[in-house]
Each structure stands twice: as C-alpha cells, then as structure tokens.
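Peer 1: need a structure here:
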Amino acid sequence: MAKIAMIGAGGVIFAQNFIKDILLDGLLRQSEVTLMDIDRERLENPEKWRKLCLHSSAWRSNRN
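Peer 2: Okay, the predicted model is just below:
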C-alpha cells in the first residue's frame, strides 16, 4: 500500500482535487493519505470533503 502525504492541505480547492484524484484511481484509492498544514483548523475542510465523498453513493459505486 502506498503512503501519500500532502503538505499544505488546508487549501480547500487544491486539497479537494487531490483527494478526488486519489479516490478515482483504483490503485491509489487503497493508499494511506496524510494531510498536513500548519493551521490545524484549515485541515477540517478537506477532512469534511473527504468524508462526504466516501459516503456519497456515487463514490461508493466506483470504489471497486
């Protein structure tokens, strides 16, 4: 399993696109992803978006 680290993940748009690209790739989807930013509160946005994607029926149907 690959490990992916994103430094500066508090930037909303870039982090969303980064997470989306990982979730859409069959191999990368199994990776361990670590999001890092100097502002801990800013990391809440990409985390909320990640959870939304994982619970969306569209993402679940493409997971395999």
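Peer 1: Sketch out the low-pLDDT regions of the protein for me.
Peer 2: 57-64 (pLDDT under 70).
Peer 1: so which helix or strand takes in the most centrally placed residue in it?
Peer 2: Closest to where the C-alpha atoms of the chain average out (Cα atoms, centre = their mean) is residue 19, at 3.0 Å. Assigned by DSSP states H and E, residue 19 belongs to helix 12-24.
Peer 1: Tell me how far the helix or strand following that helix lies from the chain's centre.
Peer 2: Note on helix 12-24: by DSSP H and E, the next helix or strand toward the C-terminus is strand 32-36. Put simply, strand 32-36 sits 8 Å off its chain's centre (Cα atoms, centre = their mean, to the nearest Å).
Peer 1: tell me how far the ends of stretch 3-15 are from each other?
Peer 2: The straight-line separation of the ends of stretch 3-15 (Cα to Cα, to the nearest Å) is 16 Å.
Peer 1: What are the contacting residues of that stretch?
Peer 2: The contact list for stretch 3-15, computed with Cβ atoms under 8 Å, 6 or more residues apart in numbering, reads 18, 22, 28, 31-39, 42-43, 45-46, 49. In this view, the C-beta of every residue, glycine as well, is placed from N, C-alpha and C.
Peer 1: Could you pull out the buried residues of that stretch?
Peer 2: 6, 9-10, 15 (16 or more other Cβ atoms under 10 Å).
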